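**Q** When you get a sec, could you give me coordinates for this:
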Amino acid sequence: MQTVVLALGGNAITRVGERGTFPEQLKNIAKVAESIAELVIAGYRVLITHGNGPQVGNLLIKNELAKDVVPPMPLDVCVANTQGSLGYGIQQQLRNVLLEKGCEKEIVTFVTQVVVDPHDPAFYNPTKPVGPFYTAEEARQMEKTRGYRMVEDSGRGWRRVVPSPRPLAIVERKAIRKALEEGFVVIAAGGGGIPVVQDEKGHLKGVEGVIDKDLAAARLASDIGADVLLMLTSVRKVIINFGRPGQKELDCMTVEEAKRYFKEGHFPPGSMGPKVEAAITFLEQGGQKAIIGLLEEAREALQGQAGTAIVH
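**A** Below is the predicted model of the structure:
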């Protein structure tokens, strides 16, 4: 039985143009659950991880609006909150879909901590925009009073930027692996996981930052010995020379080809770059195959009929 780590984007749960109400999120999750249910029924051992960008952004807006009434929660707590709420939604909707198909399956969500290096260069150069947009004057005030680092974001206003350190290890990996072995469908490392640092005694402490969800999925897949890392997104296949002469969709590429295309700049850091980097990392750490494909074509991608496969 193959173990598949299935990585969903946060935008699959809150779609562009939506307000992000929980009923909207549940409706979108129900659609996603149809694809996941196919894999479960087909006999794959499934671990689900997901993004949380829109959802954490909303929590940070609530923090800002209510700061004079209730204490704002730090970013690591906001990640933990969305792991719980989105995990609950995925558990519920996937269970409902499986029952409709005559399949009873236990599903569990892990609040997942991910160890990062306290000396990761990202902590000295925060680059990941989070939360709402502000005016230049508001941004200067937040830098002065709260110590935030604020940057102008593509002419849309000023935003807070936070570190995005690389994931080193999944704290709950043994429990996650045990649950998979017992036949559970597992949801873990939502939003890239809660970033924590570890001292010489092994004690953990949360830090302000956001871990890239695709790199965290690769780390999780390696830590539990998964066979396949399946990253589902809004595009059918990986494309090289996008928008230029020679544009081409790829059915398959080797690790060496992926590295070459990456160096040549085919995969921008804000879109396909982290997914290709995650695929390379997973394969170099012992994984069998990584696949990047369309959300609705998960089973076809695993059967080699859709998406882009990255192989040794």
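**Q** Next, give phi and psi for L6.
**A** phi -110, psi 110 (degrees, to the nearest 10).
**Q** which helices and strands does the helix or strand containing L230 pack with?
**A** Following DSSP states H and E, one finds L230 within strand 228-233. Where contact means 3 or more CB pairs under 8 Å, 6 or more residues apart in numbering; DSSP states H and E, strand 228-233 is packed against strand 3-8, helix 213-223, helix 273-284, strand 289-294, helix 298-302. The way it works is simple: take the backbone N, C-alpha and C, and place the C-beta from them, glycine included.
**Q** Helices of this protein, start to end?
**A** In the chain, the helices defined using DSSP state H lie at 22-41, 53-65, 75-100, 136-146, 173-181, 213-223, 255-263, 273-284, 298-302.
**Q** and the angle from the third one to helix 53-65?
**A** Here helix 75-100 points in a direction 130 degrees away from that of helix 53-65 (axes from the mean of the first three to the mean of the last three CA atoms, to 10 degrees).
**Q** Which of the residues in helix 75-100 are classified as buried?
**A** 75-76, 78-83, 85-87, 89-91, 93-95, 97-98 (16 or more other CB atoms under 10 Å).
**Q** Repeat that for the shortest one.
**A** When burial is assessed from 16+ other CB under 10 Å, helix 298-302 yields the following buried residues: 298-299, 301-302.
**Q** before we move on, what about the first one?
**A** Along helix 22-41, the positions that meet the burial threshold by neighbour count (16+ other CB under 10 Å) are 25-26, 28-30, 32-33, 35-40.
**Q** what about F123, neighbour count?
**A** F123 has 18 neighbouring residues, counting by other CB atoms under 10 Å.
**Q** you'd agree it is up against P163?
**A** Yes - assessed by CB atoms under 8 Å, F123 is found in contact with P163 at 4.7 Å.
**Q** Identify the residues contacting stretch 121-131?
**A** Contacts with stretch 121-131, where a contact means CB atoms under 8 Å, 6 or more residues apart in numbering, come from 56-57, 60-61, 64, 75, 149, 151, 153, 159-166, 207, 209-210.
**Q** 7 Å instead, please
**A** Residues from elsewhere that reach stretch 121-131 (CB atoms under 7 Å, 6 or more residues apart in numbering): 56-57, 60-61, 149, 153, 159-165, 210.
**Q** Where is pLDDT lowest across these?
**A** Note: of these, the lowest pLDDT belongs to D153, at 80.
**Q** Hmm, that one is touching A139, no?
**A** No - D153 is not in contact with A139 according to CB atoms under 7 Å; the separation is 10.2 Å.
**Q** returning to that earlier point: find the pair from the contacts of stretch 121-131 with maximum spatial separation.
**A** Farthest apart among the contacts of stretch 121-131 by CB to CB are I61 and P165. That separation is 24.0 Å.
**Q** With neighbour numbers in mind, choose between these two.
**A** In terms of neighbours (other CB under 10 Å), P165 is the more surrounded of I61 and P165; the figures are 26 against 12.
**Q** quick one: the more buried one and D120 touch, right?
**A** Yes - here P165 reaches D120: they are 3.8 Å apart, a contact under CB under 7 Å.
**Q** Who has more neighbours out of D153 and A139?
**A** Between D153 and A139, A139 has the larger neighbour count (other CB under 10 Å), namely 20 against 14.
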